[in-house]
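K.L.:
whatever this is, show me its structure:
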Amino acid sequence: MKPRTNFQLARIFGIRVGVGFSWFVVLFIFIIFITPIFHNQLGGSRTTAYLVAVASVLSFFASLVLHELGHALVARRRGLQVAGIDLWALGGMTRTEEAKEPGTEFRVAVAGPLVTLLVIVACIVAGRVLTDSKTFFELAVAEEGTRATPVLVWLSWLATINVLVLVFNLVPAFPLDGGRIAHAAIWWRTGDRNRATHATGRAGQGFALLLGAAGLWWLATGAGSAGLACILLAYFLYQAAGAAVVQGLLARRTQSITVADIMDRQPVTIPASATLLDAHEDFFVRYRWPWFAVVDPARHFLGVVAAARVDAEISAGRPALPVIDVLEEDMHVRIDEAEPLESLLGSEGLGRLGAMVAVDRDGVLQGVVTLAEVRKALRVAT
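P.N.:
Residues are numbered from 1 along each chain as shown. Model prediction:
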């Protein structure tokens, strides 16, 4: 099992929220950057400005979590598996199962921007209750010498940055939410998911190039921090959009291949009644695999048990526990055997565990498809 690249920050409504090291770096830089700006507006001690900056930045990242929760909760309501939410240097990402039809994709994609809009409205309403002396958003970009209370500076800044995020995120280019909304629309209009993926991926690449050019222009005119941020963001957007273009092309060539066509039909599994000691001696020591699928007597797939968890429980003096009591959470490795090969390309289990467990419509385990088998099928197709 691959180690996590981030660690758990919280669990909200049962959904794991993880953060990577880059998130803390950006958090620190953000606070240092805006503290002098807030000091100019607030006057008084720098401590007050620093505390408002910390509150503002943490509130902004909280609003990003709310945005991603909007995606995640709608996805779960529509029957999609949600692997979790990841915060990183330049935003957040909700890891969900791919939608099976455009209506579901549209609802999941639009949920995040709607939550951001609600955050903006809440900030504006609160700000207007507290002041009517000047336009609310002017407080966030006020010239030096302008004075405001800490609460107003915090609300105006939070509203303004969320407006910028909302506008940027609605650009119809992959992987932004606007691109996903456009993807759903093209998919619905043409009936061709791969065509929609290719089109929004190309749009994403074009937008990334424009953003990168803007960053270079800002660098040339002396706006170094803004220019570097744009170039960095453009790089990540271009990479993600390029992956979508490739996925669209591959999906067209592999659309007739299903999971059942490439899976191993005789995988080694652990019965649910086995103890941890049995699992350790009969499976993990023998095969040296990092995880196994667990099944009931009728071979219904129940979940995944990992070597690290088994070793930890045995070391803690619980070797007689049944494996069903230590199944791993947040490991969505189940896939229907009738699904096309395309559905495996961005799957959570294939990326993290190197394999997916294929089941039939009754949940009975039919086989396991590994990353090596997927790569072999793609090589043949290309």
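K.L.:
now do the strands in the stretch 251-382 of the chain.
P.N.:
Applying DSSP state E, counting those that start in this stretch to the stretch 251-382 of the chain gives strands spanning 269-271, 291-295, 301-306, 334-336, 355-359, 365-370.
K.L.:
tell me the mean pLDDT over the last one?
P.N.:
What it means is strand 365-370. Mean per-residue pLDDT for strand 365-370: 91.
K.L.:
against which helices or strands is it packed?
P.N.:
Contact analysis of strand 365-370 by 3 or more Cβ pairs under 8 Å, 6 or more residues apart in numbering; DSSP states H and E lists helix 259-262, strand 291-295, strand 355-359 as its packing neighbours. C-beta here means a position set from N, CA and C on the backbone, and glycine is covered the same way.
K.L.:
please identify the most buried of the strands of the stretch 251-382 of the chain.
P.N.:
Among these, judged by mean count of other Cβ atoms under 10 Å, the one packed with the most neighbours on average is strand 355-359 (a mean of 26).
K.L.:
what's the offset of that one from the middle of its chain?
P.N.:
Between the mean C-alpha location of strand 355-359 and the chain-wide mean there is a distance of 22 Å, by Cα atoms, centre = their mean, to the nearest Å.
K.L.:
and what of stretch 299-313?
P.N.:
Between the mean C-alpha location of stretch 299-313 and the chain-wide mean there is a distance of 25 Å, by Cα atoms, centre = their mean.
K.L.:
same deal with stretch 288-295?
P.N.:
The gap between where stretch 288-295 is centred and where its chain is centred comes out at 26 Å by Cα atoms, centre = their mean.
K.L.:
make 656 the first number, not 1, from now on.
P.N.:
From this message on, residue numbering opens at 656, which makes the last subject stretch 943-950.
K.L.:
who touches it?
P.N.:
Contacts to stretch 943-950, defined as Cβ atoms under 8 Å, 6 or more residues apart in numbering, come from residues 656, 922-927, 934, 938-939, 956-963, 978-979, 982-983, 988, 1008, 1012, 1020, 1023.
K.L.:
quick one: closest of the helices and strands packed on strand 1020-1025 to Arg666.
P.N.:
Across those, Arg666 has its closest neighbour in strand 946-950 (21.8 Å, Cβ to Cβ).
K.L.:
quick one: the closest one to strand 956-961, angle?
P.N.:
Angle between the axes of strand 946-950 and strand 956-961 is 150 degrees (criterion: axes from the mean of the first three to the mean of the last three Cα atoms, to 10 degrees).
K.L.:
partner strands of the helix or strand where Gly747 lies and their direction?
P.N.:
In this assignment (DSSP states H and E), Gly747 forms part of strand 746-751. With DSSP bridges as the criterion, the sheet partners recorded for strand 746-751 are strand 737-743 (antiparallel).
K.L.:
can you lay out the strands of the stretch 906-1037 of the chain as JSON lines showing distance to Leu821?
P.N.:
Compiled in JSON lines, those are given as follows (distance: least, Cβ to Cβ, whole Å):
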{"stretch": "strand 924-926", "distance to Leu821": "47"}
{"stretch": "strand 946-950", "distance to Leu821": "40"}
{"stretch": "strand 956-961", "distance to Leu821": "38"}
{"stretch": "strand 989-991", "distance to Leu821": "34"}
{"stretch": "strand 1010-1014", "distance to Leu821": "35"}
{"stretch": "strand 1020-1025", "distance to Leu821": "39"}
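K.L.:
please compute how far the helix or strand following the strand holding Gly747 lies from its chain's middle.
P.N.:
For strand 746-751, the following helix or strand on the C-terminal side (DSSP H and E) is helix 757-785. Chain-centre distance of helix 757-785: 18 Å, with Cα atoms, centre = their mean.
K.L.:
and for stretch 687-703?
P.N.:
33 Å.
K.L.:
tabulate the CA atom coordinates of that stretch in PDB.
P.N.:
Extracted as PDB, the C-alpha positions of stretch 687-703 are listed here (Å, rounded to 0.1, in the frame of the first residue of the first chain):
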ATOM      1  CA  ILE A 687       3.200  37.100   6.100                       C
ATOM      2  CA  PHE A 688       2.200  38.800   2.800                       C
ATOM      3  CA  ILE A 689      -1.200  40.300   4.000                       C
ATOM      4  CA  THR A 690      -0.200  41.300   7.500                       C
ATOM      5  CA  PRO A 691       1.400  44.600   6.400                       C
ATOM      6  CA  ILE A 692      -1.700  45.400   4.200                       C
ATOM      7  CA  PHE A 693      -4.000  44.800   7.200                       C
ATOM      8  CA  HIS A 694      -1.700  47.000   9.400                       C
ATOM      9  CA  ASN A 695      -2.100  49.900   7.000                       C
ATOM     10  CA  GLN A 696      -5.900  49.600   7.200                       C
ATOM     11  CA  LEU A 697      -6.200  48.900  10.900                       C
ATOM     12  CA  GLY A 698      -3.400  51.100  12.400                       C
ATOM     13  CA  GLY A 699      -2.400  50.400  15.900                       C
ATOM     14  CA  SER A 700      -0.200  47.400  16.800                       C
ATOM     15  CA  ARG A 701       1.100  44.900  14.300                       C
ATOM     16  CA  THR A 702      -0.100  42.100  16.600                       C
ATOM     17  CA  THR A 703      -3.700  43.000  15.800                       C
END
